[in-house]
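Novice: Structure for this input, please:
(2 chains)
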Amino acid sequence: MRSLLLFIWKHYFFFVFLLLESLCIYLVVQNNYYQRASFINSSNRLSANVLETATDIRQYFYLKDENENLSKENAELRSRLLESKLVSINDQHTVNDTTLHQKYTYTSAKVVSNTTNRRNNYLTLNKGSNQGITKDMAVITNTGIVGRVKDVSENFCTVMSMLHSQIIVSAKVKKDGSFGPLTWDGGDYEYVTLSDIPTHVRLVKGDTVVTSPYSRDFPENIRIGTVDTWERKSRENFYTVRVKLLTDFKKLTYVYIVNNQMRKEQQELEQKSETDKE
Amino acid sequence: MLNEIFRNIFRFITLVLVQVLIIKNVELGRFINPFVYILFIIILPFETPKWAVLLMAFVLGITIDMFYDTLGLHAAACVFIAYVRPGILKLFSPRDGYESGTQPTIQYLGVPWFLSYAGILVIMHHLILFYMEIFRFSEFFSTFLRVIISAGFTLILIVVIQYLFNRQKEEE
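Specialist: The predicted structure follows:
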């Protein structure tokens, strides 16, 4: 026994090496089989903090692009302001209190998760009932429409993306106002389908498609996409139009949630008329 | 002595950060994955106790593993080169031994000596690292190419870093 201890003491270097190396190999093998179970990985606090700081620093390099986008958007918003002023001046003869009311309010939100490769795609945003978000609000970006709020929790909401089998948005061809329902057929994430466009409309590739005034949730004239191809199915008097979306759904980062403050009023009135008819 | 310990701790942190923040993010293709952090083990002073080198190599490897999500892999390679380091040092020792208070660096022992000493350690480290990462021999030759090319890049970077550090010392 004593000689064994002496032997180990004499060759302690080799045994320390053996111990550490077998520990490493054990870790490697264990890690190969139970990757998720191991706790020393990049999600632990130390390395996560370092990597997060590095990402924060890296984001500074994209500030220029971000600024360009923001200034573009500012310009666009400013032009819209001017437009709305003109409208109220034109309408000053009619006594209409609502012209001075804010009809839509916008809440900016960050996309927390997003899918594009399923048949029914949802987004999650970081705004919820605490920020005044309710079901069925429209979601847009500066390049076009995104979808409609489906469920709301305290600080988050899920959005039925335009790439969903059950979403229908009323849209129109901008140049002559002919409108129809806009849906997604589940194919390419860059294209949606606009149906029920009358055949007398002279479509040209590249025509702009915008939201129609008949939508309760979406403000009018929000850009959606451009006309790509159209076809007339046999025994139908309508074109079915393939529309290329302006928004790249794979690159969504910040979106706006639109609150139509007169939605409830409109809805109640319409319901009243419906029940009166019966 | 204390000064030396602090300098090594500083070197440890700097090399880990350089490795995981800069080199990890520079993608130079499938065959070039330099790992300069092992410079820490290579230039530890001659007098460092052998067991301490092993332990430090283990800690260094585990630290790198945390960032690369490869638990144990870098640690195994580091512990191995820490184990063979004394032997290599003996193999390359000058006729009358190393001067006390010196380090195995270009500054003290010149470029040819350092290249052969560090070259062997780097190649051994990369061999173990890449073959354990693959964990099979079916891609033997492409892995071997990765080892050789990456080791070359690591050596170049190590020499460059040495010159940067040395110049700083001269200015001091």
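
Novice: Every contact and neighbour count from this point should use C-alpha atoms.
Specialist: Fine.

Novice: So which residues on chain B come close to chain A?
Specialist: By the rule Cα under 8 Å from any Cα of the partner chain, the part of chain B lying against chain A is B:21, B:50-51, B:54, B:58, B:65-73, B:75-76, B:79-80, B:83.

Novice: Helices of chain B, start to end?
Specialist: B:2-17, B:39-42, B:50-68, B:73-91, B:106-109, B:111-134, B:140-171 (DSSP state H).

Novice: Can you name every helix or strand that the last one contacts?
Specialist: When you say that, I think you mean helix B:140-171. Packing contacts for helix B:140-171, counted by 3 or more Cα pairs under 8 Å, 6 or more residues apart in numbering or on different chains; DSSP states H and E, involve helix B:111-134.

Novice: So which residue is smack in the middle of chain B?
Specialist: By Cα atoms, centre = their mean, the mean C-alpha position of chain B lies nearest to B:Ile38, the distance being 2.2 Å.

Novice: wait, isn't that residue in contact with B:Ala77?
Specialist: No - when contacts are counted by Cα atoms under 8 Å, B:Ile38 is not listed as touching B:Ala77 (9.7 Å).

Novice: between those two, what contacts are shared?
Specialist: Counting by Cα atoms under 8 Å, 6 or more residues apart in numbering or on different chains, no residue touches both B:Ile38 and B:Ala77.

Novice: re earlier: a markdown table please, covering the helices of chain B and showing mean neighbour count and mean pLDDT.
Specialist: Formatted as a markdown table, the helices of chain B follow (neighbours: other Cα atoms under 10 Å in any protein chain shown; pLDDT from 0 to 100):
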| stretch | mean neighbour count | mean pLDDT |
| --- | --- | --- |
| helix B:2-17 | 14 | 88 |
| helix B:39-42 | 22 | 92 |
| helix B:50-68 | 21 | 90 |
| helix B:73-91 | 22 | 91 |
| helix B:106-109 | 15 | 84 |
| helix B:111-134 | 19 | 89 |
| helix B:140-171 | 16 | 82 |
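
Novice: among those, which is nearest A:Val241?
Specialist: Shortest separation from A:Val241 across the helices of chain B is recorded for helix B:50-68, at 49.0 Å, computed as Cα to Cα.

Novice: show me where pLDDT drops low in the stretch 51-200 of chain A?
Specialist: A:71, A:75-76, A:78-102 (pLDDT under 70).

Novice: all helices for it, in order.
Specialist: A:63-90 (DSSP state H, counting those that start in this stretch).

Novice: Can you name the residue of it nearest to chain B?
Specialist: Here the residue of the stretch 51-200 of chain A nearest chain B is A:Ala54; by Cα to the nearest Cα that distance is 7.2 Å.

Novice: That residue and B:Val18 touch, don't they?
Specialist: No - using Cα under 8 Å, A:Ala54 is not in contact with B:Val18, being 11.8 Å away.

Novice: coming back round to it: distance-wise, check the residue of the stretch 51-200 of chain A closest to chain B relative to B:Pro34.
Specialist: Note on A:Ala54: its distance to B:Pro34, by Cα to Cα, to the nearest Å, is 20 Å.

Novice: As CSV, the helices of chain B with distance to A:Ile167 would be great.
Specialist: Supplementary listing: the helices of chain B in CSV, determined by distance: least, Cα to Cα, whole Å:
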stretch, distance to A:Ile167
helix B:2-17, 48
helix B:39-42, 59
helix B:50-68, 42
helix B:73-91, 49
helix B:106-109, 69
helix B:111-134, 47
helix B:140-171, 51
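
Novice: and of these, who's closest to A:Gly225?
Specialist: Within the helices of chain B, the stretch nearest A:Gly225 is helix B:50-68; the backing value is 42.4 Å (Cα to Cα).

Novice: any idea of the angle that closest one forms with helix B:2-17?
Specialist: Using axes from the mean of the first three to the mean of the last three Cα atoms, to 10 degrees, the interaxial angle of helix B:50-68 with respect to helix B:2-17 works out to 30 degrees.

Novice: Tell me what angle helix B:50-68 forms with helix B:73-91.
Specialist: Per the same axes, to 10 degrees, the angle that helix B:50-68 makes with helix B:73-91 is 150 degrees.

Novice: Give me the distance from helix B:50-68 to the chain's centre.
Specialist: Relative to its parent chain, helix B:50-68 has a centroid offset of 11 Å by Cα atoms, centre = their mean, to the nearest Å.

Novice: which secondary structure elements does it contact?
Specialist: So helix B:50-68, by 3+ Cα pairs under 8 Å, 6+ apart, packs with helix A:12-33, helix B:2-17, helix B:39-42, helix B:73-91.

Novice: mind checking which of those helices is nearest B:Ile106?
Specialist: Comparing the helices and strands packed on helix B:50-68 by their distance to B:Ile106 (Cα to Cα), the top pick is helix B:39-42, with 11.3 Å.

Novice: one step back: give me every residue that touches the residue nearest to the centre of chain B.
Specialist: In this structure, B:Ile38 makes contact with B:78, B:122, judged by Cα under 8 Å, 6+ apart.

Novice: if we can go back for a sec, pick out whichever of A:Ala54 and B:Pro34 has more residues nearby.
Specialist: Neighbour tally, A:Ala54 and B:Pro34, criterion other Cα atoms under 10 Å in any protein chain shown: the higher count belongs to B:Pro34, 25 against 13.

Novice: Backbone torsions only: list them for that one.
Specialist: Comment: the main-chain dihedrals of B:Pro34 come out as phi -70, psi 150, following degrees, to the nearest 10.

Novice: Give me the nearest residue to it, chain neighbours excluded.
Specialist: When the adjacent residues along the chain are set aside, B:Pro34 lies closest to B:Thr154, with 4.6 Å between them (Cα to Cα, 6 or more residues apart in numbering or on different chains).

Novice: ok, B:Val147 - contacts?
Specialist: B:Val147 is in contact with B:31, B:123, B:126-127, B:130, counting by Cα under 8 Å, 6+ apart.

Novice: Check A:Asn120 too.
Specialist: A:160-161, A:163-165.

Novice: can you check B:Gln103 too?
Specialist: Taking Cα under 8 Å, 6+ apart as the definition of contact, the neighbours of B:Gln103 are B:43-46.

Novice: A:Lys272: how many residues sit nearby?
Specialist: A:Lys272 is flanked by 11 other residues according to other Cα under 10 Å.
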